[in-house]
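Student: here's my sequence, what's the structure:
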Amino acid sequence: MNVMTKVKTRLRLQITGTVQGVGFRPFIYRLAHDLALAGWVVNTRQGVIIEVEGPTARVDEFQQRIETDKPAISAIYSLESTCLDVVGYVGFTIRESDGEGESTALLLPDIALCADCRGEILDPTNRRFRYPFTNCTNCGPRFSIIAALPYDRPNTTMRGFAMCPACLTEYHNPADRRFHAQPNACPECGPHVELWDRGGTVLATHNAALHGAVSAIHTGQIVAVKGLGGFHLLVDARNADAVNRLRTRKHREEKPFALMFPSLAMVETACDLTSQEMRVLTSPASPIVLLRRHADTLAPGIAPGNPYLGVMLPYTPLHHLLLTDLNYPVVATSGNLSDEPISIDEDDAVRALGDIADIFLVHNRPILRHVDDSLVRVLLGREMVLRRARGYAPLPVISPEPLPPLLAVGGHLKNTVAVSVGQHAFLSQHIGDLETVPAYDALRRVAADLQHFYRVTPVHIASDLHPDYLSSRFAREQAADVVPVQHHLAHVLAGMADNALTGTVLGVAWDGTGLGMDGTVWGSEFLVVTDSTVKRLTHYRPFPLPGGDQAMREPRRSALGLLYAMLGDRVFSDAELLARLTFSPEEIPLLRQMLVRGINAPLTCGAGRLFDAVAALIGLHAVARFEGQAAMALEFATIDIPDEPGYNFPLVNDEAGLVLDWASVIQGVLHDLAIHLPHPRIAARFHHALAASIVSVAQHAALPRVVLSGGCFQNARLLTLTVEQLRQAGFSAYWHQRVPPNDGGIALGQLLAVAKPRQWVTE
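Tutor: Numbering: from 1, shown residues only. From the prediction side, this is the model:
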């Protein structure tokens, strides 16, 4: 026995990371058998624990191959090993999961259908031919169906479907890719689809239901489809009448619709496609990707005035079957009412969507939580997540230091929430704008959900500084101490975390609005952020917004406020300017009164409102039909225009301190309008001036690292020019990648602000 213990080793390995729901335990099982090692592996609430015993050289090889041979969709964040006395294990087993202890295991997001499963559902000889719920350890539902950790079938919404003998054989066979695949099912034992009318009457089931849905789309009907994380509304993307009918019924006037294409080859017939965009489209996350369109084969109402299309590929077997049968692209927009979360229950969907959809394709696998489609844009050669949901949430951002247990409730628009556990900051799926009671209820559910998953009892709750946001009100209703965080500091800290930055940076946070420390509306912030302090270095010159929040829906009001700040009362005697902004004679007296008296005309320095003002001045959008429409139009106007210097934002001292003055820019815009310079060139000059202003402040601050955050940096033209100009001036530029630059990333920044408080300094 003594000789044996000298040549053998028992090693305990504790692994944290994305190691549940990715086939990690089956991988460990097969690796141990390949090396003739004994022991066991178990899922815990923290990750995976392995004990392995055998010849020392093989145990060493085992540990090395965990790192090199692990499943492609897994990720190891920590691997701790401990040598123990040999105990004489016989064989290697997968033990029952351990549900005790603090939850730090990383739950994998829902994963797109893999190539092997796709082949099976299209193979007439396979027992899963045309089965819409086919999955394996490499693909399928995760986050949308799990009720608790660890990730085992009894903890999912598949617990009501007992596996048949054939599926059980796969589940217990280490050589099968369905070995311990928790949602494993087939036509004999798993969920099924049904076709319902608007009243919930069953019209067809199983394969006949699929054929019925395809036939309905062929004939121009709107079909509500229960998918992975909620309902989609599907129509033929080539059918202008069907697309317009969907717009009318959904009360969605001009905001672009997302599209689902049957194949990558068909995407290439409609859009330009780079290798990076192709990689993102076909990744396990399978998000919507913004692509430059080059053909007009689709209905014009899909994305009016937009040179980009939001494109995704089928990511579930159900979608693959539908799109294979259709063989043309469909609109696949979220199945919800305006400003409400997507429907996830078929009975609720019939009630909520009955006035929109003509027919419903549903199934009996429950969805536990709503998960929207993620949205990605490839900029500067890498992906930028604009909406973080399916495929990305709830993977964590790793903090360089341990965090206290915290809850952050985000902002008002594009809301997400976050919790912290150890060095992990878990950012929720997209919740949306908190404009309705159902959206507020969704905030409550998601916040409770994350705390339940990770057993977090927050010592503090982080909220936005604005006290009237529904998220801030929700925070005050909780038991824990609430710590308000300034909106733009949260943006910068989220950008730092997304790039694993610590230390001192110049943070540039540009968006439409956010309450400032002085009680005014901020939005063009240059913040010097250190480990212990934050200083507002400068911003754009403030100007009034007649009508307050109404200006967000009417860019012409931003333009009028800007002109009033520059010209004073003279602007109201300039009939040509007022006509350009499309104000009626009846509107002018009230607007003048607001501005002259300062009533309902709050001051703002928001960069987003500058975009609105210029867009209105050059005639792109006096009134916006959806958030950001005017700024998007200004970007799109530049799409084929070379960079064109022309305007300048001087850095000056005035009564507000050091500010960037926009007056010369607006004078330049008015001059170029007077000489009939084409609008795209004016837009290009404006973008160049914005980027140059960031470089001038960076040079003034003399800090080598510049972090770009906030919704304005979703703009490809602005971001590209800014990064290029900063690099040419010798600065290192950082922008968002996996965390949205818009308010979808605010909750992460709030967590970090509370975990490591910084003192605001004014000198």
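Student: R365 belongs to a helix?
Tutor: No: in this structure, R365 is coil, not part of a helix, as judged by DSSP: H, G, I helix; E, B strand; the rest coil.
Student: run a quick neighbour tally on it.
Tutor: 22 (other Cβ atoms under 10 Å). In this view, the C-beta of every residue, glycine as well, is placed from N, C-alpha and C.
Student: so for the helix or strand that contains A204, mean pLDDT?
Tutor: Using DSSP states H and E, A204 falls within strand 202-205. For strand 202-205, mean pLDDT is 98.
Student: just stretch 146-158 next, same as before
Tutor: 92.
Student: which residues touch it?
Tutor: 20-21, 43-45, 97-99, 103, 105, 107-108, 141-142, 145, 159, 182-183, 185, 365-368, 452-453 (Cβ atoms under 8 Å, 6 or more residues apart in numbering).
Student: just after the strand holding A204, pick out the following helix or strand.
Tutor: helix 206-218.
Student: can you name every helix or strand that that following helix contacts?
Tutor: strand 193-196, strand 202-205, strand 223-226, strand 231-236, helix 317-326, strand 359-363 (3 or more Cβ pairs under 8 Å, 6 or more residues apart in numbering; DSSP states H and E).
Student: buried set for it?
Tutor: For helix 206-218, the neighbour count (16 or more other Cβ atoms under 10 Å) marks N207, A209, L210, G212, A213, V214, A216, I217 as buried.
Student: partner strands of the strand holding A204, with direction?
Tutor: strand 193-196 (antiparallel) (DSSP bridges).
Student: from the chain's centroid, how far away is the strand it pairs with?
Tutor: 30 Å (Cα atoms, centre = their mean, to the nearest Å).
Student: just the buried positions in stretch 596-609, please.
Tutor: Of the residues in stretch 596-609, those buried (16+ other Cβ under 10 Å) are N600, A601, P602, L603, T604, C605, G606, A607, G608, R609.
Student: tell me which of the contacts of stretch 146-158 fall in helices.
Tutor: Cross-referencing the contacts of stretch 146-158 against helices under DSSP state H gives H452, F453.
Student: drop anything exposed from the contacts of stretch 146-158.
Tutor: 20-21, 43-45, 97, 103, 105, 107-108, 141-142, 145, 182-183, 185, 365-368, 453.
Student: re the thing from before, distance to A72 and mean neighbour count added to the helices and strands packed on helix 206-218, as CSV?
Tutor: What follows is these, written out as CSV (distance: least, Cβ to Cβ, whole Å; neighbours: other Cβ atoms under 10 Å):
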stretch, distance to A72, mean neighbour count
strand 193-196, 30, 23
strand 202-205, 36, 14
strand 223-226, 29, 25
strand 231-236, 28, 26
helix 317-326, 20, 22
strand 359-363, 28, 23
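Student: including distance to V659, could those go into TSV?
Tutor: TSV is the format used below for the helices and strands packed on helix 206-218 (distance: least, Cβ to Cβ, whole Å):
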stretch	distance to V659
strand 193-196	59
strand 202-205	64
strand 223-226	51
strand 231-236	46
helix 317-326	51
strand 359-363	55
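Student: go through the buried ones among the contacts of stretch 146-158 and flag which are in strands.
Tutor: The strands, defined by DSSP state E, take in N43 from the buried ones among the contacts of stretch 146-158.
Student: quick one: the strands in the stretch 251-400 of the chain?
Tutor: 258-260, 288-292, 308-312, 330-334, 359-363, 375-379, 382-387, 396-403 (DSSP state E, counting those that start in this stretch).
Student: which stretch among those strands is buried most, on average?
Tutor: Greatest average neighbour count among the strands of the stretch 251-400 of the chain goes to strand 330-334 (a mean of 26), per mean count of other Cβ atoms under 10 Å.
Student: and the angle from that strand to strand 231-236?
Tutor: 160 degrees (axes from the mean of the first three to the mean of the last three Cα atoms, to 10 degrees).
Student: what residues does strand 330-334 touch?
Tutor: 217, 230-237, 243, 246, 250, 252, 257-260, 302, 312, 319, 322-323, 342, 372-373.
Student: so what are the domain limits for this protein?
Tutor: Per automatic domain parsing, the domain ranges recorded for the chain read 2-94, 193-375, 541-690.
Student: tell me the buried residues in stretch 297-313?
Tutor: Those would be L298, A299, G301, I302, A303, N306, Y308, L309, G310, V311, M312, L313, for stretch 297-313 by 16+ other Cβ under 10 Å.
Student: my bad, stretch 166-177
Tutor: Buried, per 16+ other Cβ under 10 Å, within stretch 166-177: C167, E170, Y171, D176, R177.
Student: for the last one, helix, strand, or coil?
Tutor: Using three-state DSSP, the structure places R177 in coil.
Student: find the nearest non-adjacent residue to it, please.
Tutor: C136 (4.7 Å; Cβ to Cβ, 6 or more residues apart in numbering).
Student: could you report the pLDDT at the one you found?
Tutor: The model's pLDDT for C136 equals 93.
Student: what stretches of the protein score poorly on pLDDT?
Tutor: 1-6, 77-78, 99-105, 763 (pLDDT under 70).
Student: sorry, back to before: other residues contacting the strand holding A204?
Tutor: H192, V193, E194, L195, W196, D197, A209, H211, G212, I359.
Student: starting at the chain centroid, how far to it?
Tutor: That offset, for strand 202-205, works out to 35 Å (Cα atoms, centre = their mean).
Student: picking up where we left off before, want to try TSV for the buried residues of stretch 297-313, with distance to R127 as columns?
Tutor: Formatted as TSV, the buried residues of stretch 297-313 follow (distance: Cβ to Cβ, whole Å):
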residue	distance to R127
L298	37
A299	39
G301	42
I302	38
A303	41
N306	44
Y308	42
L309	37
G310	36
V311	33
M312	29
L313	25
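Student: could you single out the nearest of those residues to P124?
Tutor: L313 (22.9 Å; Cβ to Cβ).
Student: picking up where we left off before, of the buried residues of stretch 297-313, which pair is most distant in space?
Tutor: Between all members of those, the farthest pair (by Cβ to Cβ) comes out as G301 and L313, at 22.3 Å.
Student: next SSE after the lengthiest helix in the chain?
Tutor: Secondary structure of the chain per DSSP H: the longest helix is helix 679-701. Per DSSP H and E, the first helix or strand lying C-terminal to helix 679-701 is strand 705-709.
Student: render the CA-only coordinates of that next one in CSV, please.
Tutor: C-alpha atoms of strand 705-709 as CSV (Å, rounded to 0.1, in the frame of the first residue of the first chain):
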residue,chain,number,x,y,z
ARG,A,705,-6.3,56.4,-21.6
VAL,A,706,-9.7,57.6,-22.9
VAL,A,707,-12.9,55.5,-22.3
LEU,A,708,-15.8,56.2,-24.6
SER,A,709,-19.3,55.3,-23.2
